[in-house]
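**Student:** Here is a sequence with its predicted model. Questions after.
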Amino acid sequence: MCRMLLQYYDCRKEILPTLSMIVERAGEVKLEDGELRVRLRGFKNPEIDYAARRLCEDLNRMNPRTLDRFRIPLRYEVT
């Protein structure tokens, strides 16, 4: 994920704290229309917000699914 994030966030030495901030961000998880939507709150820092949105887009292109027997599609978003 660090490599993915480096495409959108330039400061190499801050990449781990930034990724940690994104992954640990508060939000909501909701089942809508057969998809499990993970919505993160937006960031005040515009560079981190941009990087988080692009990271979500990259993850969504991978067509993630839950690992249980239901295999529910996941969708990541920043609001």
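**Tutor:** Perfect, I can see it now.
**Student:** Can you tell me how far Glu28 is from Pro73?
**Tutor:** Glu28 sits at a distance of 17 Å from Pro73 (criterion: C-beta to C-beta, to the nearest Å). All C-beta spots, glycine's among them, are computed from the backbone N, C-alpha and C.
**Student:** Which one's more surrounded, the two?
**Tutor:** Pro73 (14 against 11; other C-beta atoms under 10 Å).
**Student:** from memory the more buried one sits against Arg37, does it?
**Tutor:** No. Pro73 lies out of contact with Arg37 (C-beta atoms under 8 Å); the separation is 9.6 Å.
**Student:** Remind me what whichever strand or helix holds Arg54 packs against, helices and strands.
**Tutor:** Per DSSP states H and E: Arg54 is located in helix 46-61. Judged by 3 or more C-beta pairs under 8 Å, 6 or more residues apart in numbering; DSSP states H and E, helix 46-61 is in contact with helix 2-6, helix 15-23, strand 74-78.
**Student:** among these, which is the most enclosed?
**Tutor:** Mean neighbour count (mean count of other C-beta atoms under 10 Å) peaks for strand 74-78 among those, with a mean of 18.
**Student:** Report the strands that pair with it, each with its relative direction.
**Tutor:** With DSSP bridges as the test, strand 74-78 is paired with strand 35-40 (parallel).
**Student:** got the contact list for the strand it pairs with?
**Tutor:** Contact with strand 35-40 is made by 22, 25-31, 52, 56, 66, 72-79, as judged by C-beta atoms under 8 Å, 6 or more residues apart in numbering.
**Student:** cutoff 6 Å now
**Tutor:** With contact meaning C-beta atoms under 6 Å, 6 or more residues apart in numbering, strand 35-40 is reached by 25, 27-30, 72-79.
**Student:** Where does the residue of the chain most remote from its centre sit: helix, strand or coil?
**Tutor:** For the chain, the largest distance from the centre (C-alpha atoms, centre = their mean) belongs to Arg69, which lies 23.1 Å off. Three-state call for Arg69 (DSSP: H, G, I helix; E, B strand; the rest coil): coil.
**Student:** Okay, it and Tyr50: tell me how far apart.
**Tutor:** According to C-beta to C-beta, Arg69 stands 37 Å off from Tyr50.
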